[in-house]
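Fold the following for me, if possible:
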Amino acid sequence: MKRIFLFALAALLVSVVLPAKNLKGVKLPFAYSDTQFKNPFIDVDKTIKSPILCRYIHGGFDDGTRFSFYFPIEKADFKGRFFQYITPFPDSETSAQASPDYLSPIIFSIEHGSYFVETNEGGAIDLSNPNDGRDATIGAYRANAACAEFSRVVAKAIYDCERPYGYCYGGSGGAYRTTGGMESTEGIWDGSAPFVLGSPHAIPNVFGVRMNALRVLRDKMDDIVDALEPGGSGDPYATLNAEQRQVLQEATSMGFPIKSWYGWKNMDAHGFLVLYRSVVGADPSYFREDFWNKPGYLGFDNPPSLARDHVQVPAHITRILGQADAEQLGLVAPMNEADRGTADRAWASMGTEIKDKPVAYEIDQEVEMHTMGGDLIILSGAGEGQRLQVTEAKGRYVVLANVNTVQSLTYLKVGDRVQVDNSDWLAVETYYRHQMPTPDFYAWNQFRGYDNLPIYPQRPMLLGPMFTFAAAGCLPTGKIHGKMILCCSVWDREAFAWQGDWYRHKVEEYLGNATDDNFRLWYTDRATHGETDDPTEVVSYQSTLFQALLDLSDWVERGIIPSKTSAYEINDAQVMLSNDGRNRGGVQPVVTALVDGKERAEVAVGQQVKVHVTVDIPKGTGRVVKADWCLDDSKEFTLPVDLSRATYSADGEHVEFDTTMSYQKPGTYFATVLVHSERHGDANATQTFIPNLGKVRIVVK
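Sure thing, here's the model as predicted:
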């Protein structure tokens, strides 16, 4: 693969210094090596408060690339750097304006003396078609790089400054783009903080792992979760039959974080909705011939759960439902604008947007589909032989996925014959068994026999790298140019945590003894891919990411060494963090809550119980600034801890406190404490509050 290197050339060497006047319509001198990006223009230059007072400059290039720059108003407030967010998929260049204040990268950047950059990454692409003909490197990093360089020209015009330092960051698909940019360019970004990064073989395989387990284990998930909660049995396999045990072990060995099953009721197909038809189209013989008919494939074996869940139901369309009708029936929910461009939900906005488009159908047959997707095969009418992708079929309603084309939505009329069919979806759930990469992707080694050969038949093509290239414009190699703090989540359900370790080893292969001078891997415990769906189970990694950006800039600009890489071990593709909080590395505090040294207590109604909490903060990364309890199932932390009564070590990095509680009704309660640390002990710096949880099980009889 040809590698494209972009160099920061004459763009910042122009001797002409322009005044800080309004730049709308002003043609700034811009000499840049990538000739794809010519004739930059500025069409907006104004002061806005969205969400913080700043100077807003909008513009683009003549190829369709667009950018937004948000500058501190006063030169005295500018510290000579910018932060640039790289979205999971090409998106709007104004998406950051919709972020809530506590997550806003604009506020974060301005308050820390930086300007903020966001782009449309060259414009929307069809991620469901990796071979759509567009040069993937444009959306992957070239558009971002061109906008970053032009932002320096604008900064010089505004502040008459030297070259600003630049730092990019992005999560999920944006992490691929961030690492791709750092590997494929030089002199553009001085450092980066990719987060929740997958590997070249994550897509589509991680989705299949989860979907297969959710389908097979849906009647046992409550048992699994209870066993893994504090004070549980510790044996998630205790109530499973042979098929269920195999599926749970396989998913765990693939790297699905076993404790993350707590949220199973809210898990969905996630980004796989965009990719499903592409997988089927890339390997049609797997779906049409091999899976259902040849030994070595689950469809041929047809275990009880597969036979139970296989749906092929002929029916007629009796009603076409638009958004409003579907919402009224509880079939769909409106999309929140704040979801656009986030690591976890950017995929949801990829569907075609037309007014009053069909979003669901009523049919004349009852159907119950226990997969997270499938097909509505059209058997008559204008669209005969076509397929519409669906997400749900229950009762007499079939809900469409938000990825069908405008044309396909015109095919069906009332009275047309269709078939609700999840055959391909069932087949795709275990496609990962037949996609074995090289041994360094060690999660797949469970499928190697004693002779190191695959135990399942393998497909002729590995799809993961193809989809990764569509997202990143290159395949991650670890050959980075500049410093990097990679932030990964231990409970990540979409980018399994071991993939951060995989990338770390690729960096080590390239940098060797220089790795510690340029790279860190920080894991956040109890964090997922993006959502904090249950605040008593998981925490957000956003503040860790913001702290990583600040530490990255200190590392580059001032030579201040950041906290070391997290201390962890890989056990059966599960990331196991060290229990030694002060020497764990990273920046997250380690919180332990116990009753008489145990995670479980049994008490009588009204009996007081004392919970002892210890907090250890990695060396040099901060002080405890806040702690609050949630004592019931409200999911709200309403009982603050008086930290003035806590016991502190001399350096303030070890904290202990006790809380006494009682319950007036029988039941099982999980008392959960949420603890925040902050680098400078600043109780007002909420964007850099680093959270973690401790919890105990209290059984009241």
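
Now do the contacts for Arg55.
45-47, 70-73, 158 (CB atoms under 8 Å, 6 or more residues apart in numbering). (Each C-beta comes from the backbone N, C-alpha and C, glycine too.)

quick check, nearest of these to Ser95?
Within the contacts of Arg55, the smallest distance to Ser95 is 12.5 Å, found for Tyr70 (CB to CB).

for the helix or strand that closest one falls within, packing partners?
Using DSSP states H and E, Tyr70 maps to strand 66-71. On a contact count with 3 or more CB pairs under 8 Å, 6 or more residues apart in numbering; DSSP states H and E, strand 66-71 meets strand 53-60, helix 105-111, strand 114-119, helix 143-159.

Which of those has the highest mean neighbour count?
strand 114-119 (a mean of 27; mean count of other CB atoms under 10 Å).

And the next helix or strand past that strand?
For strand 114-119, the succeeding helix or strand toward the C-terminus, using DSSP H and E, is helix 136-137.

to the chain's geometric centre, what's the distance from that following helix?
Distance of helix 136-137 from the chain centroid (CA atoms, centre = their mean, to the nearest Å) equals 21 Å.

And that helix, what does it pack against?
helix 464-472.

what's in contact with the helix or strand just after the helix it packs on?
Downstream of helix 464-472, the first helix or strand assigned by DSSP H and E is strand 483-489. If you take CB under 8 Å, 6+ apart as the criterion, strand 483-489 is touched by 179, 182, 190-197, 495, 497, 499-500, 503-504, 507, 518-524, 527-529, 541, 544-545, 548, 551-552, 555-556, 562, 575.

Show me those that map onto helices.
Judged by DSSP state H, helices contain the following of those: 179, 182, 499-500, 503-504, 507, 544-545, 548, 551-552, 555-556.

Pull the most distant pair out of those.
Most distant of the ones in helices among the contacts of strand 483-489, by CB to CB, are Gln499 and Val556, 25.4 Å apart.

neighbour count winner among the two?
Remark: of Gln499 and Val556, Gln499 carries more neighbours, 26 against 18, as counted by other CB atoms under 10 Å.

Next one: Gln664 from Val603, what distance?
As judged by CB to CB, to the nearest Å, Gln664 and Val603 stand 12 Å apart.

Can you pick out the residue with more neighbours from the two?
More neighbours surround Val603 than the other of Gln664 and Val603, with 17 against 7 (other CB under 10 Å).

Report the beta-bridge partners for the more buried one.
Legend: beta-bridge partners of Val603 under DSSP bridges are Val700.

Can you give me the pLDDT of it?
According to the prediction, Val603 has pLDDT 97.

With Gly271 instead?
pLDDT for Gly271: 83.

coming back round to it: tabulate the contacts of Arg55 in JSON lines, adding columns for distance to Thr468.
As requested, the contacts of Arg55 are exported to JSON lines (distance: CB to CB, whole Å):
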{"residue": "Asp45", "distance to Thr468": "38"}
{"residue": "Lys46", "distance to Thr468": "39"}
{"residue": "Thr47", "distance to Thr468": "41"}
{"residue": "Tyr70", "distance to Thr468": "31"}
{"residue": "Phe71", "distance to Thr468": "34"}
{"residue": "Pro72", "distance to Thr468": "37"}
{"residue": "Ile73", "distance to Thr468": "41"}
{"residue": "Ile158", "distance to Thr468": "38"}
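
Select only the buried ones of those residues in PyMOL?
To isolate the buried subset of those in PyMOL, counting by 16 or more other CB atoms under 10 Å, use the following:
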select buried, resi 45+70+71+72+158
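
Specify which member of the contacts of Arg55 is nearest to Leu240.
Using CB to CB, Tyr70 comes nearest to Leu240 of the contacts of Arg55, at 52.2 Å.

For the nearest residue in space to Ala282 that is not next to it in sequence, give me its contacts.
Spatially, and ignoring its direct neighbours in sequence, Ala282 is nearest to Leu463 (5.7 Å; CB to CB, 6 or more residues apart in numbering). By CB under 8 Å, 6+ apart, Leu463 lies in contact with 203-204, 279, 282-283, 435.

now these in JSON lines, with distance to Arg697 and pLDDT?
Listed next are the contacts of Leu463 as JSON lines, based on distance: CB to CB, whole Å; pLDDT from 0 to 100:
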{"residue": "Ile203", "distance to Arg697": "37", "pLDDT": "90"}
{"residue": "Pro204", "distance to Arg697": "37", "pLDDT": "92"}
{"residue": "Val279", "distance to Arg697": "41", "pLDDT": "95"}
{"residue": "Ala282", "distance to Arg697": "47", "pLDDT": "95"}
{"residue": "Asp283", "distance to Arg697": "46", "pLDDT": "97"}
{"residue": "Gln435", "distance to Arg697": "39", "pLDDT": "98"}
